[in-house]
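**Student:** got a structure for you, letters missing:
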């Protein structure tokens, strides 16, 4: 068995993902995954079949490939991450969970993904991209949390353009984003022949405005989008709805 304590560096911790015994290494001082990554893994898993090849753009510490390894029978899962420290944490989490035969982590720039991978080489691409536009209000654009939350190193258009090159025809792109950018997201996806096919709005409470949107787009798909029933996170403060417990696997 791997000695998990030897995998940790200063400031890091091991978190239990409550799924198939999986654990993940995180550093609270840098950036920890949130609900959006978990919801994206649940949204994407329904479309990932046995033998598929999956790429996660901007994988951070590898949360989405890790969750998808438990939720799907994908043949291979690859995470691309530009930040060296995050990529290193992701690789150590993969090793800690003994998933080296299914998950790989590549350090590199999303804007140059087509130089790292062959064209049309993935059946599925996922991404939990930075939500905020540009560097407005940032005091330190180089900080890991800033890079994760703001379009400092790449824009959504960069992600869409690379996804269109890397997806096989008929392949699916799954993403989570903020509703205030929905019009822009759909226009950009359509520009790169990534046809929006499925959408679900996520609400913190049933009587609040949505704060997340989950989207599936298909490379070369025909125009027609299904809007799924709303997903509500909490039925009361601190208590998830049954749908959320189901996505987490409790």
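**Tutor:** Here it is on my side, so go on. Since the model is a prediction, treat every value here as computed from it, not as a measurement.
**Student:** Could you count how many residues lie near residue 58?
**Tutor:** For residue 58, the neighbour count with other CB atoms under 10 Å is 22. Every residue, glycine included, has its C-beta placed from N, CA and C.
**Student:** try the one 5 residues further on
**Tutor:** Burial of residue 63 is recorded as 26 neighbouring residues (other CB under 10 Å).
**Student:** Tell me how many other residues crowd the nearest residue to residue 26 once chain neighbours are set aside.
**Tutor:** Taking CB to CB, 6 or more residues apart in numbering as the measure, residue 26 lies nearest to residue 32, with 4.8 Å between them; neighbours along the chain are not counted. The tally of other residues near residue 32 (other CB under 10 Å) stands at 17.
**Student:** again, but for residue 42
**Tutor:** Residue 42: 20 neighbours (other CB under 10 Å).
**Student:** What helices and strands are in contact with the helix or strand hosting it?
**Tutor:** Using DSSP states H and E, residue 42 falls within helix 35-45. Counting contacts by 3 or more CB pairs under 8 Å, 6 or more residues apart in numbering; DSSP states H and E, helix 35-45 packs against helix 63-71, strand 122-127, strand 167-177, strand 212-219, helix 242-248.
**Student:** Now do it and helix 63-71, the angle between them.
**Tutor:** Here the directions of helix 35-45 and helix 63-71 differ by 40 degrees (axes from the mean of the first three to the mean of the last three CA atoms, to 10 degrees).
**Student:** Helix 35-45 to strand 212-219, inter-axis angle?
**Tutor:** Using the same axes, to 10 degrees, helix 35-45 lies at 40 degrees relative to strand 212-219.
**Student:** which residues are contacting helix 35-45?
**Tutor:** Around helix 35-45, the neighbours that count as contacts under CB atoms under 8 Å, 6 or more residues apart in numbering are 60, 63-64, 67-68, 71-72, 124, 126, 128, 172, 174-176, 200, 202, 212, 214, 216, 231, 233, 247-248.
**Student:** try 7 Å
**Tutor:** Contacts to helix 35-45, defined as CB atoms under 7 Å, 6 or more residues apart in numbering, come from residues 63-64, 67-68, 71-72, 124, 126, 128, 174, 176, 200, 202, 212, 214, 233, 247-248.
**Student:** Could you do stretch 50-61 as well?
**Tutor:** Against stretch 50-61 from outside (CB under 7 Å, 6+ apart): 24-26, 31, 33, 48, 64-65, 68, 73-81, 86, 89-90, 93, 105, 110, 113, 117, 121-129, 148, 159, 162, 166.
**Student:** For the helices and strands packed on helix 35-45, could you give me CSV that also reports distance to residue 12 and mean pLDDT?
**Tutor:** Converted to CSV, the helices and strands packed on helix 35-45 look like this (distance: least, CB to CB, whole Å; pLDDT from 0 to 100):
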stretch, distance to residue 12, mean pLDDT
helix 63-71, 14, 96
strand 122-127, 24, 98
strand 167-177, 25, 97
strand 212-219, 27, 98
helix 242-248, 23, 90
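**Student:** packing partners for the strand or helix carrying residue 86?
**Tutor:** Residue 86 belongs to helix 84-96 when assigned by DSSP H and E. Where contact means 3 or more CB pairs under 7 Å, 6 or more residues apart in numbering; DSSP states H and E, helix 84-96 is packed against strand 23-26, strand 76-81, strand 103-107.
**Student:** Give the buried residues for it.
**Tutor:** 86, 87, 88, 89, 90, 91, 92, 93, 94, 96 (16 or more other CB atoms under 10 Å).
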